[in-house]
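Visitor: Just the structure for this:
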Amino acid sequence: MSQGLTGTCWSFSTTSYFETEVFRVHNRKIKISPLYTVYCEYVEKAKRFVRERGNSNFAEGSEANAVLKIWKEYGAMPLDAYTGLLPGQSVHDHRILINEMQSYLKGIKDANNWNENEVVSTIKSILNYHLGTPPDNFKVDGDDMTPKEYFKKVIALNPDDYVEILSYMQQPYDKFVEYEVPDNWWKSTEYFNIPLDEFMSVLKNAVKNGYTVSIGGDVSEPGIDSWNKVAMIPTFDIPSDYIDEYARQFRFTNQTTTDDHGIHLLGMTTKNGKDWFLIKDSGAGSKNVEPRGYYYYSDDYIKLKMMNYTIHKDALPQSLKDRMK
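Guide: Coordinates of the predicted model:
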């Protein structure tokens, strides 16, 4: 699926990841609505905006762990129950939607009018107008279900089985820390921070053993070529042998590495002695040429520019699981 002209990659990529997890765990193919999660996320952002008196980020972006956070609170639903597209629309475009909501909330802040029920009701009205109203229940294989029932009975994944792995030097290693980026708008401290070499070895071993991950980092780089379907570190940037945690942290600190995109990492292959990762991408650029929606990311690019991933705890080595207790 394409996220179109929206900043909702976090939901599209992580929804794809959990669809794959449902197939891996239950051998069941389903399509989950990423836009229902987005809808509920905006409601939660509006609530926090009010509670923090406007000192909370209200934007399109978020993090992969927001998906399970929303599903635990609101549930989920199949794609055919809620697409987030109005009749006649074929492409997601949230530019007017986000501007309306941000303008409304700016007015709330300027007026110091912190009525949470009123704000949430208005935000829902704006969302309903632009995305359609999510159903309270829907049919799945002939049975009526609510979103919470769909999450429990059909998706049927244990949220506690999934962990967030991060690697940067500005927080201590071997601890759960906050990922200090604007898209972590609720200041989650669920990220277990590990050294870069371990970050990469855990990722590679997981993929070799049949796991996929939802991964996030920076894709606004010259090394991304949507026409040739690759992401790699250009020769004018840094030689492969010099990519280490210091090079990675330097770029994150000076903001040449930002947290601007979420993708679904599916597999890995080796060619000419280099590891390449197969990436499923909901961004518009990935649709330029065949295979539409896919890239190959080099090992170096992941190592330098991808900051965190969501992974099933069974994919982790026992030594790492022990340190997380």
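
Visitor: how about the strands of this protein, start to end?
Guide: Assigned by DSSP state E, the strands in the chain fall at 138-140, 143-145, 162-166, 175-177, 191-193, 213-217, 224-225, 230-231, 261-271, 274-280, 294-298, 306-312.

Visitor: and Thr6, which of the ones you listed is closest to it?
Guide: Nearest to Thr6 among those is strand 261-271; the distance by C-beta to C-beta comes to 12.2 Å. Just so you know, the C-beta spots here come from the backbone N, C-alpha and C atoms, and that holds for glycine as well.

Visitor: Give me the sheet partners of the closest one and which way each runs.
Guide: Using DSSP bridges, the strands paired with strand 261-271 are strand 213-217 (antiparallel), strand 274-280 (antiparallel).

Visitor: Can you check which of the ones you listed gets nearest to Lys45?
Guide: Short answer: strand 213-217, nearest of the strands paired with strand 261-271 by C-beta to C-beta, at 18.2 Å.

Visitor: Rounded mean pLDDT for that closest one, please.
Guide: For strand 213-217, mean pLDDT is 98.

Visitor: With stretch 291-303 instead?
Guide: 95.

Visitor: okay, that stretch in PDB with CA atoms only?
Guide: The C-alpha coordinates for stretch 291-303 follow below in PDB (Å, rounded to 0.1, in the frame of the first residue of the first chain):
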ATOM      1  CA  PRO A 291       9.400  -3.700  -8.300                       C
ATOM      2  CA  ARG A 292       7.000  -1.000  -7.000                       C
ATOM      3  CA  GLY A 293       7.200  -0.500  -3.300                       C
ATOM      4  CA  TYR A 294      10.600  -2.200  -2.700                       C
ATOM      5  CA  TYR A 295      14.200  -1.300  -2.400                       C
ATOM      6  CA  TYR A 296      17.500  -2.900  -1.500                       C
ATOM      7  CA  TYR A 297      19.400  -1.100   1.300                       C
ATOM      8  CA  SER A 298      23.100  -1.800   1.800                       C
ATOM      9  CA  ASP A 299      24.500  -3.000   5.000                       C
ATOM     10  CA  ASP A 300      26.400   0.300   5.300                       C
ATOM     11  CA  TYR A 301      23.300   2.400   4.900                       C
ATOM     12  CA  ILE A 302      21.400   0.500   7.700                       C
ATOM     13  CA  LYS A 303      24.500   0.700   9.900                       C
END
